[in-house]
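Chemist: curious how this folds, go ahead:
(4 chains)
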Number of protein chains: 2
Amino acid sequence: MASGDDQALIWTRPAPGSRRPKFTRDQIAAAALAIADTEGFAAVSMRRIAAELGAGTMTLYYYVRNKDELVALMDDAIMGQVLIPAGEFPDHWYHALTEVALRTWDVLMRHPWALHSLQNAQPGPNGMRHFEQSLAALTGTTLGTAEKFALLALVDDYVHGNVLRAAEMSTANETFTDEMFQATRRYAEALYATGEFPHTEALFGGQDPVEVFAGLLAGRSARDRFRHGLDVLLDGAATRMGLPLPGR
Amino acid sequence: MASGDDQALIWTRPAPGSRRPKFTRDQIAAAALAIADTEGFAAVSMRRIAAELGAGTMTLYYYVRNKDELVALMDDAIMGQVLIPAGEFPDHWYHALTEVALRTWDVLMRHPWALHSLQNAQPGPNGMRHFEQSLAALTGTTLGTAEKFALLALVDDYVHGNVLRAAEMSTANETFTDEMFQATRRYAEALYATGEFPHTEALFGGQDPVEVFAGLLAGRSARDRFRHGLDVLLDGAATRMGLPLPGR
DNA sequence: ACCGTTTTTCGTACGCCGTACCAAAGATAG
DNA sequence: CTATCTTTGGTACGGCGTACGAAAAACGGT
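Modeler: Alright, predicted model coming up:
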């Protein structure tokens, strides 16, 4: 008994459907995703989504308890894109984990706003499938469950952190005006003059920060830099945990 | 010439002060921080801050162009807490970098909302000091500037990602009701029954997810887990880059 | 074909938000 | 004391999420 009230989670609460409703949760999530991708996450409002669908605003609340639940639908739709198709799953743990991480990175970089909502929400079916694939990547290793879990958390932390910094830095770069770049440079030079910033001055002093920055990235793409960091991470973990590295 | 309009950035635009204003930017930032820490970041509104200070709402706009600038003030105040006091700076790069990362982690875990705003904003003086200390941690190594930069980025990614996941997961745990926990468990069991989740089922099946989770964390605190991940990361980086590890 | 019931739609209204605009108040220099 | 400039903050506008409840539409039974 007490199997009754699964109303608490959107994933257990049944979707409308006994008398052909006009929409589906999937349609609503898709409309919201389209808005987020073209106009930014901030433009996703209940009114805006409803307008996109040609529905009244409050109609959405028949499919979803509140906006958080709607965002959870969006998140899970995105997690669906992360999944590795059956048959493409690498054998070696190193390659499998790399593949999972890279796919996650690719998708999150396309939808960086998902980072902020992904943490609060209960994972949906696609989130669960992603977790399953993460675990699957480590079967065949000698790791205990706690060690597996720690390794997955480490990789997830890095993926999320890298996306957080890389994606939002790139959008910031687009937002910045020439005036702001120049003001930044003058500000930095003023700080150097205090003598409090010897190392930063040695790095940037007198040059265009944007160019120095570009030089520091050594011409690598954001994706390459992520991959490289991931390699460092996995190497370190393999050494610590006694995992075999693939032959190169 | 052309040194004139540094109005673009709050860090270069002069603060009010030629005729004794009632407030200062620091006071305003402090009031906002107090609200954020006690009532959550969402409660920080221009009206709320003004009320806290006994000021009219629009008065704040004389000190700050818009809310983003005000949040930048909050962020920089927080970065001030991250700085390592002179004299406490470790000699060995490994210890120095660990200290920088740990302090950042401690502060961000106390103010996790800062993660979301930190990325967009132009770093203020304290942000610059933090960067200077990060660079200082790596002087004395044989690394080139690009390598230093890559290593710092790697550590920053991990710190931010770990805080993002750890902090928001802990707040989510507080938000969740018993009903939601139970619904989650029933939902998971229903998914296991499809046979699509063998690894997840082997891990959680039939048991209370909360307890399994606690077991996987092996009794370590969030801070210990972060430290351990950081060690793995730095070990891997040291091996790759030919950096000396400290004697243990 | 009609009716009663239940599902589904959605208009209105409330209290928030950030902030543009502009008038009033206050401080200072001459 | 006055003219000027700094500083304060009231009012109003267009957004937001969503509580409430009325209207419409779909269906099963007759």
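
Chemist: so which residues of chain A form helices?
Modeler: Secondary structure of chain A (DSSP state H): helices at A:25-39, A:46-53, A:67-82, A:93-110, A:114-118, A:125-138, A:145-175, A:178-192, A:198-204, A:209-216, A:222-241.

Chemist: got these as a markdown table, with distance to B:Ala51 columns?
Modeler: Glycine gets a C-beta too; all of them are placed from N, C-alpha and C. Listed next are the helices of chain A as a markdown table, based on distance: least, C-beta to C-beta, whole Å:
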| stretch | distance to B:Ala51 |
| --- | --- |
| helix A:25-39 | 33 |
| helix A:46-53 | 28 |
| helix A:67-82 | 26 |
| helix A:93-110 | 38 |
| helix A:114-118 | 27 |
| helix A:125-138 | 40 |
| helix A:145-175 | 30 |
| helix A:178-192 | 31 |
| helix A:198-204 | 39 |
| helix A:209-216 | 39 |
| helix A:222-241 | 43 |
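
Chemist: which residue is nearest the centroid of chain A?
Modeler: A:Leu108 (3.4 Å; C-alpha atoms, centre = their mean).

Chemist: my guess is it meets A:Val163, correct?
Modeler: Yes: using C-beta atoms under 8 Å, A:Leu108 is in contact with A:Val163, at 4.4 Å.

Chemist: overlap in contacts of those two?
Modeler: A:Leu115 (C-beta atoms under 8 Å, 6 or more residues apart in numbering or on different chains).

Chemist: and the closest residue to DNA strand C within chain A, how many residues sit next to it?
Modeler: Ranked by C-beta to the nearest atom of the strand, the top residue of chain A for proximity to DNA strand C is A:Gly56, at 2.1 Å. A:Gly56 has 11 neighbouring residues, counting by other C-beta atoms under 10 Å in any protein chain shown.

Chemist: report the contact partners of it.
Modeler: If you count contacts by C-beta under 8 Å, 6+ apart, then A:Gly56 has A:Ala50 around it.

Chemist: got the phi and psi for it?
Modeler: phi -70, psi 150 (degrees, to the nearest 10).

Chemist: if I look at it, how far off is A:Lys22?
Modeler: 10 Å (C-beta to C-beta, to the nearest Å).

Chemist: quick one: contacts of stretch A:228-244?
Modeler: A:93-94, A:97-98, A:101-102, A:141-143, A:147, A:151, A:154-155, A:158, A:162, A:220, A:245, B:150, B:153-154, B:157-158, B:232-237, B:239-240.

Chemist: only the buried residues of stretch A:12-27, if you could.
Modeler: By 16 or more other C-beta atoms under 10 Å in any protein chain shown, the buried positions in stretch A:12-27 come out as A:Thr12, A:Phe23, A:Arg25.

Chemist: tell me the span between the first and last residue of that stretch.
Modeler: 18 Å (C-alpha to C-alpha, to the nearest Å).

Chemist: just the mean pLDDT for that stretch, thanks.
Modeler: Averaging pLDDT along stretch A:12-27 gives 95.

Chemist: and for stretch A:35-53?
Modeler: 97.

Chemist: in that stretch, what's buried?
Modeler: A:Ile35, A:Ala36, A:Phe41, A:Val44, A:Met46, A:Ile49, A:Ala50, A:Glu52, A:Leu53.

Chemist: I'd like those residues laid out as a markdown table, including distance to DNA strand D.
Modeler: What follows is those, written out as a markdown table (distance: C-beta to the nearest atom of the strand, whole Å):
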| residue | distance to DNA strand D |
| --- | --- |
| A:Ile35 | 10 |
| A:Ala36 | 12 |
| A:Phe41 | 10 |
| A:Val44 | 7 |
| A:Met46 | 4 |
| A:Ile49 | 8 |
| A:Ala50 | 8 |
| A:Glu52 | 11 |
| A:Leu53 | 14 |
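
Chemist: okay, A:Leu245: pLDDT?
Modeler: So, for A:Leu245, pLDDT stands at 96.

Chemist: nearest residue to it other than its sequence neighbours?
Modeler: Nearest non-adjacent residue to A:Leu245, counting by C-beta to C-beta, 6 or more residues apart in numbering or on different chains: A:Ala238, 5.4 Å away.

Chemist: residues near the one you found, how many?
Modeler: A:Ala238 has 19 nearby residues by other C-beta under 10 Å.

Chemist: and it, what pLDDT?
Modeler: 97.

Chemist: again, but for A:His116
Modeler: 88.

Chemist: same check, this time on A:Thr175
Modeler: pLDDT, read off for A:Thr175, is 88.

Chemist: next, count neighbours for the closest residue to it other than its chain neighbours.
Modeler: Among residues not flanking A:Thr175 along the chain, B:Asn120 sits closest, at 7.6 Å (C-beta to C-beta, 6+ apart). Counted by other C-beta under 10 Å, the residues lying close to B:Asn120 total 15.

Chemist: cool, A:Leu152 as well?
Modeler: A:Leu152 has 18 nearby residues by other C-beta under 10 Å.

Chemist: I figured it hits A:Gln133, correct?
Modeler: No: in this structure A:Leu152 lies outside contact range of A:Gln133 using C-beta under 8 Å: 10.5 Å.

Chemist: distance of A:Ile78 from A:Ala121?
Modeler: For A:Ile78, the distance to A:Ala121 - C-beta to C-beta - is 11 Å.

Chemist: per-domain residue ranges of chain A.
Modeler: As given by automatic domain parsing, the domain ranges for chain A are A:1-65, A:176-216.

Chemist: how about a markdown table for the ones you listed, with distance to B:Ala214 added?
Modeler: Converted to a markdown table, these look like this (distance: least, C-beta to C-beta, whole Å):
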| stretch | distance to B:Ala214 |
| --- | --- |
| domain A:1-65 | 21 |
| domain A:176-216 | 42 |
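
Chemist: nearest to B:Phe89, out of those domains?
Modeler: B:Phe89 lies closest to domain A:176-216 among the domains of chain A, at 12.3 Å (C-beta to C-beta).

Chemist: that closest one and chain B, any residue contact?
Modeler: Yes: counting by C-beta under 8 Å from any C-beta of the partner chain, chain B has neighbours in domain A:176-216: A:177, A:179-180, A:182-184, A:186-188, A:190-191, A:196-200, A:203, A:215-216.
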